[in-house]
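# turn this into a model:
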Amino acid sequence: MSQKTEILKALKKGRKLTSLDALADFGCFRLGARILEIHYMGYNILKRTVRSSNGKNFTQYRLEVKK
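Just a heads-up that it's a prediction; the model follows:
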C-alpha cells in the first residue's frame, strides 16, 4: 500500500497527523507532499499550527468531516 493511501486511511479514521507521526507510522519523510496529493484528489485537509510543551511549533493535519 502506498504512503498516500495509508495516510488517507488514517485521516479517514479521524487521526490528526504530524510529520513525526507520518515518519514513525508510514516511513514518510514528506507528509506535506502526500497531503497535497490527497488534496488534489478532492479531499479537504485542514491544518493547524500547534506549539509543543518545549515551545516548538509544528503542523498538524486532519481531514475535514462533512456534516
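
# so where's this structure shaky on pLDDT?
Scanning the chain with the threshold set as pLDDT under 70 gives 67.

# and the strands in it?
In the chain, the strands defined using DSSP state E lie at 45-51, 57-63.

# turn these into a markdown table, including mean neighbour count and distance to Ser19.
Bear in mind the C-beta positions are built from the backbone N, C-alpha and C, glycine included. Shown next, in a markdown table, are the strands of the chain (neighbours: other C-beta atoms under 10 Å; distance: least, C-beta to C-beta, whole Å):
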| stretch | mean neighbour count | distance to Ser19 |
| --- | --- | --- |
| strand 45-51 | 11 | 11 |
| strand 57-63 | 15 | 7 |
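
# can you redo the ones you listed as JSON lines with distance to Arg34?
Shown next, in JSON lines, are these (distance: least, C-beta to C-beta, whole Å):
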{"stretch": "strand 45-51", "distance to Arg34": "10"}
{"stretch": "strand 57-63", "distance to Arg34": "9"}
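
# of all those strands, which one is nearest Phe29?
Comparison of those against Phe29 by C-beta to C-beta identifies strand 57-63 as nearest, at 14.5 Å.

# can you dump the C-alpha atoms of that closest one in CSV for me?
Extracted in CSV, the C-alpha atoms of strand 57-63 (Å, rounded to 0.1, in the frame of the first residue of the first chain):
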residue,chain,number,x,y,z
ASN,A,57,5.8,24.8,16.5
PHE,A,58,4.7,22.0,14.2
THR,A,59,1.8,21.4,11.8
GLN,A,60,-1.0,19.0,12.4
TYR,A,61,-3.3,17.8,9.6
ARG,A,62,-6.7,16.3,9.7
LEU,A,63,-9.5,15.5,7.2
